[in-house]
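# This is a predicted model, with the sequence first.
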Amino acid sequence: MTFTAVFQKVPEGYIGYVEELPGANTQGATLEETRENLHEAVQLVLEANRILSEESIAGFDVIREPFELVTA
């Protein structure tokens, strides 16, 4: 699956976010810096979501397995 990064020029540089992943947003002085920051922001959001999920299922009998989304 491919996500959509959106970059907007602002007076301070650029802001960027991923349309499909709320919370994954960043800013930078240049477009390249903003792209790099966005990669880090996505990783941080996914890690935070994983931690929150692990905390919410602690003590429950669950099955965890890899999940890959393949689109046509």
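Sure thing, it's come through. Numbering: from 1, shown residues only.
# going forward, measure contacts and count neighbours with C-alpha atoms only.
Will do.
# Quickly find the element holding the residue nearest to Gly23 when sequence neighbours are not counted.
Spatial nearest neighbour of Gly23, chain neighbours left out: Val45 (6.7 Å); criterion: Cα to Cα, 6 or more residues apart in numbering. Here Val45, judged by DSSP states H and E, is contained in helix 31-57.
# Quick check: which helices or strands does that helix pack against?
Counting contacts by 3 or more Cα pairs under 8 Å, 6 or more residues apart in numbering; DSSP states H and E, helix 31-57 is packed against strand 13-18, strand 25-28.
# Name the residues of it that are buried.
31, 34-35, 37-39, 41-42, 45 (16 or more other Cα atoms under 10 Å).
# How about the contacts made by the residue nearest to the spatial centre of the chain?
For the chain, the residue nearest the mean C-alpha position is Val42 (2.4 Å; Cα atoms, centre = their mean). When the contact criterion is Cα atoms under 8 Å, 6 or more residues apart in numbering, the partners of Val42 are 21, 24-25.
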